[in-house]
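Engineer: sequence plus the predicted model coming up.
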Amino acid sequence: MKKIISFLNTDIKIINSYFLFTIVLIILVCIGYSSYALFSFTKTSNNVIEGTVGELKKSGVDTLIKLTNNQNNSGLYTITHPTDSTLQIGTNEFITEYRYRGASPKNYVTFNNEVWRIIGVFPTDDGTGKIENRIKIIRNESIGNYQWNSSKKSNENWNNWSIATLNKYFNTTYFETVIDKLKIATVKYYLGGYRTASIMKDVMYQYERKIKNTTSNEFYYGTNPNSWVGEIALMYASDYGYAASDECTNYMDRYHTCVSYNWLSYKVSDEWLLNQGSSSYVGGRAFYIYKQGYLEENNNNDVSSRLMAVRPTLYLKSNIKITGGDGTSSNPYTLGL
């Protein structure tokens, strides 16, 4: 009997040892799994946080440039201009721009609680010689019909944008109504033009930025300045030209054949552009888009003789971020500082 009891006591000790070992093993496994899960969660959380912070740090310029060459059917394309020592920008280096082109690019943006459109991303002079990439936008609809310059002083060139009444209106009365004015950059606008609209878009781009005339009234009428530094202006003729897709190969005075390829075609009424006409005409002329879609140099009229649609155009500060939206008309981009 004693032997049986002794045997049972031995088995119980063995069983207790196995049980204790099993419990310890289970505890160790649980601790190990919990540590691994915590490590994995922390790592994932850190990655999410790092990714979120990275997105928040990214400027709107960087966000858009990633979409160039029609990524995600954005309609954004890269345009490169060669160096040219006769121009105010790009004298020593190539100029790379990113422009929205075609019939319906994804370039809608909410600005001033209104629908605007993004023309593109451009190396832009702030007026001091500092050049940064900036987003350029234009109001989707006209704010009304205005004269380019209603002042007809005998001692002034009427097509000088720096003193034009439309310029003064944009940058005083209209500017004060803009609730997003803190997002607007002060930049240099180029004021060159030409004697005729029978010209290709890339040539017009160059003429807009010429440093000076090489012959009388070639790019600038009389003593008009070659640039102006400010906030709000009009779009360039070349902006309108490059907005058409590559199917359009015409001179700009024949762009009525390209309206179905050009998202900037207004089609509602004639629309003023920033470019001056440089031809020898008393008082001076300026370019506009005829409602059928082609360019005119305000033929037989000076800048004070006609009321035309105007769409304010401006550059955003370089630190502006895109905070939402996808650029479609139903979900426009939103902007933040």
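Structural biologist: In hand now; what should we look at?
Engineer: touching, residue 141 and residue 115? I think so.
Structural biologist: Yes: taking contacts as C-beta atoms under 8 Å, residue 141 lies within contact range of residue 115: 7.4 Å. All C-beta atoms are positioned from the backbone trio N, CA, C, and that covers glycine.
Engineer: and for those two, which residues touch both?
Structural biologist: Among the neighbours of residue 141, none is also in contact with residue 115 (C-beta atoms under 8 Å, 6 or more residues apart in numbering).
Engineer: can you count the residues close to residue 330?
Structural biologist: 7 (other C-beta atoms under 10 Å).
Engineer: ok, now residue 295?
Structural biologist: Number of residues near residue 295 (other C-beta under 10 Å) recorded here: 25.
Engineer: tell me the contacts of it?
Structural biologist: Residue 295 makes contact with 197, 237, 240, 252-253, 255, 273, 287-289 under the criterion C-beta under 8 Å, 6+ apart.
Engineer: the residue positioned nearest the centre of the chain and residue 192, how far apart?
Structural biologist: Geometric centre of the chain, nearest residue: residue 135, 2.9 Å, by C-alpha atoms, centre = their mean. According to C-beta to C-beta, to the nearest Å, residue 135 stands 23 Å off from residue 192.
Engineer: enumerate every residue touching the closest residue to residue 297 other than its chain neighbours.
Structural biologist: Taking C-beta to C-beta, 6 or more residues apart in numbering, and ignoring the residues beside it in sequence, residue 297 has residue 277 as its nearest neighbour in space, at 4.1 Å. Contacts of residue 277 were listed using C-beta under 8 Å, 6+ apart, and they are 159, 193-195, 221, 284-287, 297-298.
Engineer: and residue 277, bridged to which residues?
Structural biologist: Partner residues in beta bridges with residue 277: residue 194, residue 285, with DSSP bridges as the criterion.
Engineer: need the single longest strand in this protein, by residues.
Structural biologist: For the chain, the strand with the greatest residue count under DSSP state E is strand 114-125.
Engineer: helices or strands up against that strand?
Structural biologist: With contacts defined as 3 or more C-beta pairs under 8 Å, 6 or more residues apart in numbering; DSSP states H and E, the secondary structure elements packing on strand 114-125 are helix 60-65, strand 95-100, strand 108-111, strand 131-139, strand 187-190, strand 313-315.
Engineer: could you check whatever helix or strand comes next after the shortest one and say which residues are buried?
Structural biologist: Reading on from strand 313-315 to the C-terminus, the next helix or strand found by DSSP states H and E is strand 321-324. Of the residues in strand 321-324, 321-322 count as buried by neighbour count, 16 or more other C-beta atoms under 10 Å.
Engineer: how about residues contacting strand 321-324?
Structural biologist: 56, 58-60, 63-64, 333-337.
Engineer: cutoff 6 Å now
Structural biologist: In this structure, residues lying in contact with strand 321-324 by C-beta atoms under 6 Å, 6 or more residues apart in numbering are 60, 63, 333-334, 336.
Engineer: do stretch 75-83 as well
Structural biologist: Residues from elsewhere that reach stretch 75-83 (C-beta under 6 Å, 6+ apart): 67-68, 90, 94-102, 105-106.
Engineer: who's the nearest residue to residue 318 once chain neighbours are set aside bridged to?
Structural biologist: Distance criterion C-beta to C-beta, 6+ apart; nearest residue to residue 318, sequence neighbours excluded, is residue 132 at 4.5 Å. Here residue 132 shows beta-bridge partners residue 124, assigned using DSSP bridges.
Engineer: burial of residue 132, as a residue count?
Structural biologist: The criterion is other C-beta under 10 Å. On that basis, residue 132 has 17 neighbouring residues.
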